[in-house]
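Participant: fold the following for me, if possible:
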Amino acid sequence: MSRPELTFFTELNSEELTGLFDGRFVIDDLKALDATLSLGILDLSDARAEVVKRLNKAGVPVVAWLLLPEEDGYWFNIDNYERAAARYISFKAWTTKHNLQWAGIGLDIEMNINDIRQILEQKQACKFISTLFYRFLDKKRVSHARHAYQALVDLIHADGYLVESYHIPIITEERRAHATVLQRTAGLVDLETDQEVLMLYSSFLRPDGAAVLWSYAPEADSIGVGNTGGGVDVEGLINVPPLTWEEFSRDLRLCVMREKPIHIFCLEGCVEQGFLPKLNTFDWDKPISVPKSVNRVRFYRTGIATILWVLERPWVILIALATFVGLGFLFKRNQRK
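Facilitator: Residues are numbered from 1 along each chain as shown. Just a heads-up that it's a prediction; the model follows:
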């Protein structure tokens with residue numbers, strides 16, 4: 001079996017990014033793997049542009065993974081679509097100034113990073129519950145954000161770029177339930193792009209991470225594998241042990257069995273752990289067993305989709321309660337007779 005299409009993520013600040021590509025070793029490894037780089041655009045600096053120029057000159061395809069300052073949410077979400085559009089306009093001007101070449105544009109749709117930090121802080125968690133409730137009641141935000149982001153996708157297409165989106169896998173349960181609960185509360189946006197990458201990072205989902213990857217993989221255009229070490233600092237969330245070579249190899253082979261392209265998070269982690277040279281001699285055909293806990297994951301997924309379906313239709317709960325009350329009343333009445 002031939003090696004699948006590989007894309008590596010990296011989201012380093014400009015100084016660290018320059019250090020990562022100091023010399024030709026990393027670029028040579030990427031070329032040997034025919035790999036693409038999804039480069040986090042944390043800033044529009046001259047230093048970041050110089051790295052892109054080196055990659056362009058070497059023939060390494062680069063996707064511009066658009067990001068925002070942390071105070072604006074960092075990732076794109078239901079509330080910051082205006083900032084996302086402004087970021088793209090600024091990015092285009094920066095691209096023109098430095099004559100940069102891009103293989104595509106990446107839109108990362110996740111929860112506001114400040115909301116995540118608030119949830120993880122015990123003192124703020126209770127206060128945030130009331131915020132979620134008010135968001136849950138506001139359905140108009142979903143359509144406004146979706147239309148705005150689709151307009152952004154259309155603009156990017158008009159500029160000649162392909163668009164790929166990065167989603168947490170639970171968005172697929174929302175689709176199964178024909179719901180918008182997660183979009184209203186967590187700030188996700190379900191939009192159509194040329195390629196959807198589901199971030200199936202098994203390091204965050206131990207001991208069932210491999211089973212989660214296997215379960216969701218058929219619904220992804222490309223499978224996000226990770227974390228090999230790196231990423232934005234979210235205390236209590238990101239600071240989990242990175243994948244070992246054994247875990248990383250297992251996940252790659254599961255992706256091959258599903259016949260999917262692979263997005264690897266992240267490049268700097270692979271470099272630090274010495275994974276890149278190993279990938280150049282990797283046996284992609286080595287057989288591997290399907291994870292044993294797949295049925296348990298399928299059960300959890302069904303449960304999540306069911307909960308989302310019910311929350312989308314709260315009148316079902318009211319009817320059920322009214323039915324139980326009515327049956328109880330009739331039962332007592334018959335007992336008296």
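Participant: bridging residues for the residue nearest the centre of the chain?
Facilitator: Taking Cα atoms, centre = their mean, the centroid of the chain lies closest to residue 167, which sits 3.4 Å from it. For residue 167, the beta-bridge partners are residue 109, residue 198 (DSSP bridges).
Participant: I'd say it and residue 197 touch.
Facilitator: Yes - counting by Cβ atoms under 8 Å, residue 197 is a contact partner of residue 167 at 7.1 Å. Placement of C-beta: from N, CA and C, glycine included.
Participant: still on that earlier bit, give me the distance between the residue nearest to the centre of the chain and residue 51.
Facilitator: 27 Å (Cβ to Cβ, to the nearest Å).
Participant: could you do residue 28 as well?
Facilitator: 15 Å.
Participant: who has more neighbours, those two?
Facilitator: Between residue 28 and residue 51, residue 51 has the larger neighbour count (other Cβ atoms under 10 Å), namely 21 against 14.
Participant: ok, that one - contacts?
Facilitator: With contact set as Cβ atoms under 8 Å, 6 or more residues apart in numbering, residue 51 has these partners: 14, 17-18, 21, 39.
Participant: closest to residue 258 out of the residues you listed?
Facilitator: Using Cβ to Cβ, residue 39 comes nearest to residue 258 of the contacts of residue 51, at 25.9 Å.
Participant: assumed the closest one was part of a strand.
Facilitator: Yes - Residue 39 sits within a strand when classified using DSSP: H, G, I helix; E, B strand; the rest coil.
Participant: excluding chain neighbours, what is closest to it?
Facilitator: residue 62 (5.5 Å; Cβ to Cβ, 6 or more residues apart in numbering).
Participant: how many other residues sit next to the one you found?
Facilitator: Neighbour tally, residue 62, other Cβ under 10 Å: 20.
Participant: likewise for residue 44?
Facilitator: 16.
Participant: SS state for it?
Facilitator: coil.
Participant: so it sits against residue 89, correct?
Facilitator: No - Residue 44 is not in contact with residue 89 according to Cβ under 8 Å; the separation is 11.1 Å.
Participant: for this structure, which segments count as strands?
Facilitator: 6-10, 36-41, 62-66, 104-109, 163-167, 195-199, 222-226, 262-265 (DSSP state E).
Participant: residues contacting residue 209?
Facilitator: 200-203, 247, 251.
Participant: swap in 10 Å and give it another go.
Facilitator: Contacts for residue 209 (Cβ atoms under 10 Å, 6 or more residues apart in numbering) come out as 200-203, 243, 247, 250-251, 291, 293, 297.
Participant: same question for residue 262.
Facilitator: Contacts of residue 262 by Cβ under 10 Å, 6+ apart are 3-8, 35, 197, 222-225, 251-252, 254-256.
Participant: do that again at 7 Å, thanks
Facilitator: If you count contacts by Cβ atoms under 7 Å, 6 or more residues apart in numbering, residue 262 has them with 4, 6, 222-223, 225, 252, 255.
Participant: with residue 33 instead?
Facilitator: 6, 279-280.
Participant: show the pLDDT at the residue nearest to residue 17 when sequence neighbours are not counted.
Facilitator: Ranked by Cβ to Cβ, 6+ apart and with sequence neighbours excluded, the top spatial neighbour of residue 17 is residue 51, at 5.5 Å. Looking at residue 51, its pLDDT is 98.
Participant: swap in residue 313?
Facilitator: Reported pLDDT for residue 313: 91.
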